[in-house]
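Undergrad: quick one: sequence and predicted model below, then my questions.
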Amino acid sequence: METLKTLILDRFKILSILTISMVLSIVLLMVRMKLNQSFYLLFLVWNLFLAVIPFAITTSLISKTKPNKIRLILSFGVWLLFLPNAPYIVTDLLHLNNSPQRLLWLDVLVIVSFAFNGLVLFMLSLSDMEKLLKLYVKPQFMFSIMLSIFGLTAFGIYLGRFLRYNSWELLNNPIALFSDIIHILFQPNIEAWIFTLTFGAFLGMSYWMLKAFSNSKM
């Protein structure tokens, strides 16, 4: 209980802004539902919930002075499994193809709002994990690890968006999941590779740009 209290106090500003931003997204969605008399895009709430999970994991870990190495390794595995859910919301922009022309701008605003929150949660969670990994990993290996995280995250988004897998499939349907992964890795699949490289580059560039901005003195 004391740990939770300390955590909330230490991250009060971040948690407050995040909460306000996510509530705004939900309010925009409710306005959209009212005006269009449709529950379409309601799935964004679930996607946003999934995006919170990796941030919750790293927030819990970073509240400790120095987490146990074994715990960090296990948590890293679970964190990496759920991490693609955060930036995945960006790809929900594809649903605009099914949006009615009337108030299309509102659908754009709703999805972009949720996607923005997903990206923020991704960046914050990744920043926390980078700090945690630096406690045990030598500096010369960190760049390669970060590149791998961006690539694996982008690949996970591809599996979710185009092959319709989710994080739970590792337990529920591992054979089909690994079969498709092996097929993509060893059979020509230009779309999968282009998506992984371009989306991974987008995530990496965005993350390092934001880090540069946050470290610079305005």
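TA: Everything's here; your move.
Undergrad: after the helix ranked longest in the chain comes which helix or strand?
TA: Determined from DSSP state H, the single longest helix within the chain is helix 104-133. Next helix or strand after helix 104-133 toward the C-terminus (DSSP states H and E): helix 139-162.
Undergrad: would you mind measuring from L81 to S60?
TA: 16 Å (C-beta to C-beta, to the nearest Å). For every residue, glycine as well, the C-beta is placed using N, CA and C.
Undergrad: and the two? Which one has more around it.
TA: L81 (19 against 15; other C-beta atoms under 10 Å).
Undergrad: show me what contacts the more buried one?
TA: If you count contacts by C-beta atoms under 8 Å, 6 or more residues apart in numbering, L81 has them with 167, 170.
Undergrad: pLDDT of the helix or strand harbouring it, averaged?
TA: Here L81 is covered by helix 69-82, with elements defined by DSSP H and E. For helix 69-82, the mean per-residue pLDDT is 94.
Undergrad: for the following helix or strand past that helix, what does the pLDDT average out to?
TA: Counting by DSSP H and E, the next helix or strand C-terminal to helix 69-82 is helix 85-88. Mean pLDDT, helix 85-88: 97.
Undergrad: other SSEs contacting helix 85-88?
TA: Counting contacts by 3 or more C-beta pairs under 8 Å, 6 or more residues apart in numbering; DSSP states H and E, helix 85-88 is packed against helix 43-62, helix 104-133, helix 139-162.
Undergrad: got the phi/psi numbers for P67?
TA: phi -60, psi 150 (degrees, to the nearest 10).
Undergrad: surely it touches M129?
TA: No: counting by C-beta atoms under 8 Å, P67 does not reach M129; the two are 11.1 Å apart.
Undergrad: so between the two, which is more surrounded?
TA: For P67 versus M129, the count of surrounding residues by other C-beta under 10 Å is larger for M129: 24 against 17.
Undergrad: and the more buried one, how close does it get to S75?
TA: Taking C-beta to C-beta, one finds M129 at 9 Å from S75.
Undergrad: quick check: neighbours shared by these two?
TA: Shared contacts of M129 and S75 (C-beta under 8 Å, 6+ apart): L61.
Undergrad: show me the contacts for the most far-flung residue of the chain relative to its centre.
TA: Outermost residue of the chain with respect to the C-alpha centroid, by C-alpha atoms, centre = their mean, is R102; its distance is 30.2 Å. Applying C-beta under 8 Å, 6+ apart to R102 gives the contacts N36.
Undergrad: buried residues in the helix or strand where K34 lies, which are they?
TA: Secondary structure from DSSP H and E places K34 in helix 12-36. Neighbour counts over helix 12-36 (16 or more other C-beta atoms under 10 Å) mark 18, 22, 25-26, 28-29, 32, 36 as buried.
Undergrad: got it, and stretch 128-145?
TA: By neighbour count with 16+ other C-beta under 10 Å, stretch 128-145 contains the buried residues 128-130, 132-133.
Undergrad: what's that stretch in contact with?
TA: Counting by C-beta under 8 Å, 6+ apart, residues outside stretch 128-145 touching it are 55, 58-59, 61-62, 66-67, 69, 72, 76, 79, 146, 149.
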